[in-house]
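Enquirer: dropping a prediction and its sequence here:
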Amino acid sequence: MSDDVHDSLIPYDEIVQDALRAVVGRVLQPIVGYDSLPGEHHFYITFKTQAAGVNIPAHLIAKFPDEMTIVLQNRFWDLHVADDHFSVGLSFNQTPSILTIPYAAITAFVDPSVNFGLQFQVSDDDAIQPEPHDEADNDRPDISTEDGSNVVTVDFGKKR
């Protein structure tokens, strides 16, 4: 077996992130038409306010220029769930607002009542990219074949 580790031509991490984001839509879909969540459920949804497709009032962007967390539990309205986003009415300081949030903008989804949570990576295509550098010795995983297998542990953490 070669010591070379090749970059995958299949974007597994993006595929997994997209699939997990679909969970958010599947969780929200059954509560469309309601104005509160059943039982003790409550959702904390954190998202990037500047991400493509996010539509929130300007005063919220001014207050939360990078990231914002909303809570869905009681007193929400007009929840609409689509394949790539959801929208919901919420009140901020007694000012009603409609928020449209693409799943791709979500960085976390948590329901603490049942100890469930998901964290996501949001790509910052407009962010300043670090300068190229020589590859460090620890940039690639150590592959051990002591047992003869070729199984490699995959880490879907942040790209380097």
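Expert: Perfect, thanks for sending it.
Enquirer: from residue 11, how far out is residue 105?
Expert: 19 Å (CB to CB, to the nearest Å). Heads up, the C-betas are built off the backbone N, CA and C, glycines and all.
Enquirer: poorly predicted segments of this protein, please.
Expert: 1-5, 123-160 (pLDDT under 70).
Enquirer: quick one: buried residues of the lengthiest helix in it?
Expert: Counting residues, the longest helix found in the chain (DSSP state H) is helix 12-28. Within helix 12-28, the residues that count as buried by 16 or more other CB atoms under 10 Å are 13, 17, 20-21, 24, 27-28.
Enquirer: list the beta-bridge partners for residue 47.
Expert: On the basis of DSSP bridges, residue 47 is bridged to residue 68, residue 106.
Enquirer: burial count for it?
Expert: A count of neighbours around residue 47, defined by other CB atoms under 10 Å, yields 25.
Enquirer: give me the distance between it and residue 116.
Expert: Per CB to CB, residue 47 is found 18 Å from residue 116.
Enquirer: hang on, the earlier thing: distance from the chain centre to the longest helix of the chain, please.
Expert: Relative to the centre of its chain, helix 12-28 is centred 8 Å away, using CA atoms, centre = their mean, to the nearest Å.
Enquirer: who are the packing partners of that helix?
Expert: The elements that helix 12-28 packs onto, with contact taken as 3 or more CB pairs under 8 Å, 6 or more residues apart in numbering; DSSP states H and E, are strand 43-48, strand 77-81, strand 85-92, strand 106-111, strand 116-119.
Enquirer: identify the residue spatially nearest to residue 105, adjacent ones excluded.
Expert: Excluding the flanking residues, the one nearest residue 105 by CB to CB, 6 or more residues apart in numbering is residue 51, at 3.5 Å.
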